[in-house]
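# test case, fold it:
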Amino acid sequence: MSISLLQLLQGITHITPGGVVMLGIGVILLYLAIAKEYEPMLLLPIGAGAIFANLPLSPMIQSAFSRFVWIWRRGCSSPSF
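This is a model prediction of the structure:
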């Protein structure tokens, strides 16, 4: 699957002010975890998740989300879950 640069950057036009705020909070959390070493085991995944969850309309996010939904459905439908 080949993704062009234009496809990767299409989400920039769909960004909202709330998305910008959340991306900023994610960057701040990553900074605190990495540079200041303030609770890195807690803040690093939270900051990365905040950034990852607020990327608008990226094909990488859409494909990752569809994989997540597939894994979640397979897990919930299995009798061992």
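# switch to C-alpha atoms for all contacts and neighbour counts from now on
Noted.
# how near is the spatially most central residue of the chain to residue 38?
By Cα atoms, centre = their mean, the chain has its centre lying nearest to residue 52, at 1.4 Å. Distance, residue 52 to residue 38, using Cα to Cα, to the nearest Å: 21 Å.
# what of residue 26?
Distance of residue 26 to residue 38, given as Cα to Cα: 14 Å.
# neighbour count: those two, which is higher?
A count of neighbours by other Cα atoms under 10 Å puts residue 26 above the other of residue 26 and residue 38, at 24 against 15.
# the more buried one is in contact with residue 48, isn't it?
Yes: judged on Cα atoms under 8 Å, residue 26 makes contact with residue 48 at a distance of 6.4 Å.
# and the end-to-end length of stretch 30-43?
Stretch 30-43 has an end-to-end distance of 7 Å (Cα to Cα).
# that one - what's its average pLDDT?
Averaging pLDDT along stretch 30-43 yields 93.
# where do the helices sit along the protein?
5-8, 17-34, 40-53, 59-77 (DSSP state H).
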